[in-house]
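*Asks:* can't give you the sequence, but here's the structure:
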C-alpha cells in the first residue's frame, strides 16, 4: 500500500542514524523518524506505525505521536492562533493545523472550537482543514435503520438540539430531549439512529431506542443493588445527572426500568430508596 501523507502508515526501518531512523515510504522515498520518537529496541528491517506529515520546513517527516484526527476525517478542534494566513488549530502535533481564511465558513476567533474536515492540498501536499463542511456530507443515501449504532461528533447547538456528524458521512440531529447529559462541541461519542425521516434527515439518540434500552439496564440495576447491600437512594426522584453517572441512561429510561423491575416483583420502591426483593 502506498504511503499516505496525513494518515497512519506502517513503514519499515531501512537505516539507523544518531539522530533517528529512516523509513521506507515507497514512492515518497525515505522519511526520517527523529530519535525522540523512535520506540526503544526498534532496529533495521522492523516495521513501525507512524504518522506522516510535512514539518515546519515543508519536509516529509514521521512521528509516533498521533494527531486527534487524520486526513479524510472530521474533528472538533480549538483555534489557538489567528494571524494574516488564517486560523491555526491544536490537533496534537507540534505543527498546528491551518484553516486558511478561504476555508472558513465564518471568521474563526482564537479560543473557539469548530468542526473541521481535514484534507491534503493536492498542489502543496500540505495538510489543511476547512470549516465549510456542509457540501462534504449527505452525498449519498444513508444506509441506516432505526436502532443502528453509529459514531457521532457533536456540532453546533441550534434552537432544537445539536447538529451531529454521523460516521464522517452524514448530518444528523440530536434533539434536546434525547441529549440528557452535558455535551460539548467537537465531542466524539456513540449514538443510535432514532428515526429516518422521509425528507432524508436523521434523528439521533444517545441511548438505544425502544424498549431494548430498558431491558438492557435491568440486570445492571440489580447488580448495583447487590453491590450496595440490597438498597440504593437512586429512586425515580433522583436527578438526571446522578442517574447518568451510574447507569449512563436518561432519567426517563431509568424510571421505566424501575417500573419493569417493580412489576416483576424484583424490587420495592419508596420515596427514599429502592430495595432488592
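*Replies:* Structure's in. What do you need? Values in this document were obtained by computation on a predicted structure and should not be read as measured data.
*Asks:* residue 215: what secondary structure?
*Replies:* Classification of residue 215 using DSSP: H, G, I helix; E, B strand; the rest coil returns helix.
*Asks:* what number of residues lie near the closest residue to it other than its chain neighbours?
*Replies:* Once flanking residues are discounted, residue 215 sits nearest to residue 260: 7.8 Å by CB to CB, 6 or more residues apart in numbering. Using the backbone N, CA and C atoms, a C-beta is placed for each residue, glycine as well. Residue 260: 17 surrounding residues under other CB atoms under 10 Å.
*Asks:* quick one, what contacts residue 260?
*Replies:* Residues in contact with residue 260 (CB atoms under 8 Å, 6 or more residues apart in numbering) are 214, 215, 218.
*Asks:* need the phi and psi values for the last one.
*Replies:* The main-chain torsion angles of residue 218 are listed as degrees, to the nearest 10 and equal phi -60, psi -50.
*Asks:* what about the stretch 151-277 of the chain, any weak spots by pLDDT?
*Replies:* Applying pLDDT under 70 to the stretch 151-277 of the chain flags residues 210-213.
*Asks:* in it, which spans are strands?
*Replies:* Using DSSP state E, counting those that start in this stretch, the strands of the stretch 151-277 of the chain run over 161-166, 170-175, 188-196, 202-205, 231-232, 267-269, 274-276.
*Asks:* of all the ones you listed, which one is nearest residue 63?
*Replies:* With CB to CB, the closest approach to residue 63 among the strands of the stretch 151-277 of the chain belongs to strand 188-196: 21.8 Å.
*Asks:* so which elements touch the closest one?
*Replies:* Where contact means 3 or more CB pairs under 8 Å, 6 or more residues apart in numbering; DSSP states H and E, strand 188-196 is packed against strand 149-157, strand 202-205.
*Asks:* need the winner for burial among the ones you listed.
*Replies:* Stretch with highest mean neighbour count among those: strand 202-205 (a mean of 21; mean count of other CB atoms under 10 Å).
*Asks:* show me what it is packed up against.
*Replies:* The contact analysis (3+ CB pairs under 8 Å, 6+ apart) places strand 202-205 against strand 161-166, strand 170-175, strand 188-196.
*Asks:* and stretch 217-230, how far from the chain's centre?
*Replies:* Its chain's C-alpha centre lies 30 Å from the corresponding centre of stretch 217-230 when counted by CA atoms, centre = their mean, to the nearest Å.
*Asks:* how about stretch 191-201?
*Replies:* 20 Å.
*Asks:* what about it, how long is it end to end?
*Replies:* For stretch 191-201, the first-to-last residue distance is 15 Å (CA to CA, to the nearest Å).
*Asks:* who's in contact with that stretch?
*Replies:* Contacts of stretch 191-201 with the rest of the structure, by CB under 8 Å, 6+ apart, involve 138, 141-142, 144-152, 164, 166, 171-174, 178, 202-209.
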